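Novice: For reference, the sequence and a predicted model appear below.
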Amino acid sequence: MELVCPHCLAINRVPDTRLADGPKCGQCSTPLLPGVPVDLTTDSFDRFVERSGLPVLVDFWAEWCGPCKMMAPVFKQVAAEMATRVRFAKVETEAHPKLSLRAHIKSIPTLVLYREGEEAARVSGALDARNLKAWLASQGVH
């Protein structure tokens, strides 16, 4: 499986059976699955989302958004729990409005699940950990 390094964006090949072994980037030695959401930018979004062998869950959020702030620790907690099953990423909509426009974000927080670079599902509104995991499970992410 291919994994994009969250630090240098290098493409790394990792056997599926080695995902739980803490793989590191062959170029910069950064952990490939750090268990924390990755901040994506206009420059890093396409490469990270399109080249990831795992599904990528992107949280579109804004600093001024109260529900976004409430959900941030939940998103981080679930990212740590599911690090080997789905990549977690965040896009700050005010800093990257072109990404928000391209993804047709109409309200925040909005979570968009991508598979092989294509949108597979989305949900808007803050979720608690139980509901976030249940929603991911309903999308085939276990």
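Specialist: Arrived safely.

Novice: Any chance you could list what contacts the lengthiest helix in the chain?
Specialist: Secondary structure of the chain per DSSP state H: the longest helix is helix 66-81. With contact meaning CB atoms under 8 Å, 6 or more residues apart in numbering, helix 66-81 is reached by 35-37, 59, 61-62, 88, 90, 108-109, 125-129, 132-133, 136. Quick note: C-beta positions are derived from backbone N, CA and C, even for glycine.

Novice: In contact with Thr110, which residues are there?
Specialist: Asp59, Phe60, Ala103, Arg122, Val123, Ser124.

Novice: Most neighbours out of the residues you listed, which is it?
Specialist: Phe60 (26 neighbours; other CB atoms under 10 Å).

Novice: hang on, that residue in a strand?
Specialist: Yes - under DSSP: H, G, I helix; E, B strand; the rest coil, Phe60 falls within a strand.

Novice: Surely it and His104 touch.
Specialist: No - between Phe60 and His104 there is no contact under CB atoms under 8 Å: 10.1 Å.

Novice: sorry, back to before: in the longest helix of the chain, which residues are buried?
Specialist: For helix 66-81, burial by neighbour count (16 or more other CB atoms under 10 Å) applies to Cys68, Met71, Ala72, Val74, Phe75, Lys76, Val78, Ala79.
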